[in-house]
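Visitor: Mind looking at a prediction? Sequence and model below.
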Amino acid sequence: MKIQVIVGSTRPGRATLGVARWVAAQVRLQAPEAQVELVDLAEYPMPFFNEPVSPQFNPSRQCEPVVQAWLDKVAQADGYIVVTPEYNRSFPAVLKNALDFLDFQFSEKPVVLVGHGSTGGSHAVLHLRSALAGVQAISMPAATFILGMGGKLFAQDGTPKADVEGIASSLGRNVQSLLRFAAALKPAT
Ligand SMILES: Cc1cc2nc3c(=O)[nH]c(=O)nc-3n(C[C@H](O)[C@H](O)[C@H](O)COP(=O)(O)O)c2cc1C
């Protein structure tokens with residue numbers, strides 16, 4: 001089973017990288033048989049979406065190399081955990097842009113959402129769920145909300161700086177759902 005943990009922000013010094021590294025480590029602990037990979041949007045500096053035809057309606061699309069690299073990378077996974085901060089009551093534009101480039105790479109695959117921000121990332125998760133429906137992904141009904149600033153809870157290398165037992169417990173339940181859905185849906189994708 002291939003699970004990708006997507007880092008949903010790209011700015012220098014971002015908290016999301018530390019949160020995502022911790023999330024990936026938790027999944028590796030919980031599911032040692034899974035192949036877990038961190039996918040960092042900062043490594044895919046794509047332009048603003050600029051294609052003349054909507055990707056899902058363009059079977060002969062030609063993408064520039066950085067976009068194609070993003071598409072090829074995410075196509076490999078059976079399920080995803082998207083770690084998103086909240087920016088102005090939604091999820092970051094860079095993450096929306098990356099989703100807009102998808103055609104069917106996420107189609108009928110499960111996604112767990114992990115939100116963080118000063119109010120726990122609830123608006124980010126809500127909006128991200130809507131966008132994921134557009135690319136035909138299946139977002140798990142439960143999400144993990146990290147109250148308080150992610151940067152205060154996790155170092156950049158993913159080491160917790162505080163008691164994160166409650167977050168680990170929520171994430172653990174959601175990872176179990178993700179693995180069940182990914183196993184059930186794999187034959188269809
Ligand atoms: C432009 C901007 C807008 C923000 N808006 C919100 C918000 O609406 N709600 C919230 O809870 N936190 C908000 N925050 C706080 C961020 O969620 C928090 O700083 C988080 O660590 C940002 O993730 P990053 O460090 O990976 O960029 C905002 C931060 C930034 C930079």
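Guide: On my side now, so go ahead. Numbering: from 1, shown residues only.

Visitor: Around the ligand, pick out the residues from this structure.
Guide: 9, 11, 14-16, 85-89, 117-119, 149-151 (Cβ under 6 Å from any ligand atom). Where you see a C-beta, it was placed from the backbone N, CA and C, and this is true even at glycine.

Visitor: count of neighbours near S60?
Guide: Using other Cβ atoms under 10 Å, S60 has 5 other residues around it.

Visitor: pLDDT below threshold where in this structure?
Guide: 188-189 (pLDDT under 70).

Visitor: again, only this time at 90
Guide: The model of the chain has pLDDT under 90 over residues 118-120, 147-152, 186-189.

Visitor: okay, which residue of it is out on the far edge from center?
Guide: When distances to the mean C-alpha position of the chain are computed (Cα atoms, centre = their mean), the maximum falls on S60, with 26.7 Å.

Visitor: That residue: what secondary structure?
Guide: When classified by DSSP: H, G, I helix; E, B strand; the rest coil, S60 comes out as coil.

Visitor: just to revisit the earlier point, if you rank the residues of the chain next to the ligand by neighbours, which is first?
Guide: Going by other Cβ under 10 Å, T16 tops the residues of the chain next to the ligand with 29 neighbours.

Visitor: I6 is in contact with that one, correct?
Guide: No - in this structure, T16 is not within contact of I6 by Cβ atoms under 8 Å, at 9.6 Å.

Visitor: Out of the residues of the chain next to the ligand, which is nearest to K186?
Guide: T16 (27.7 Å; Cβ to Cβ).
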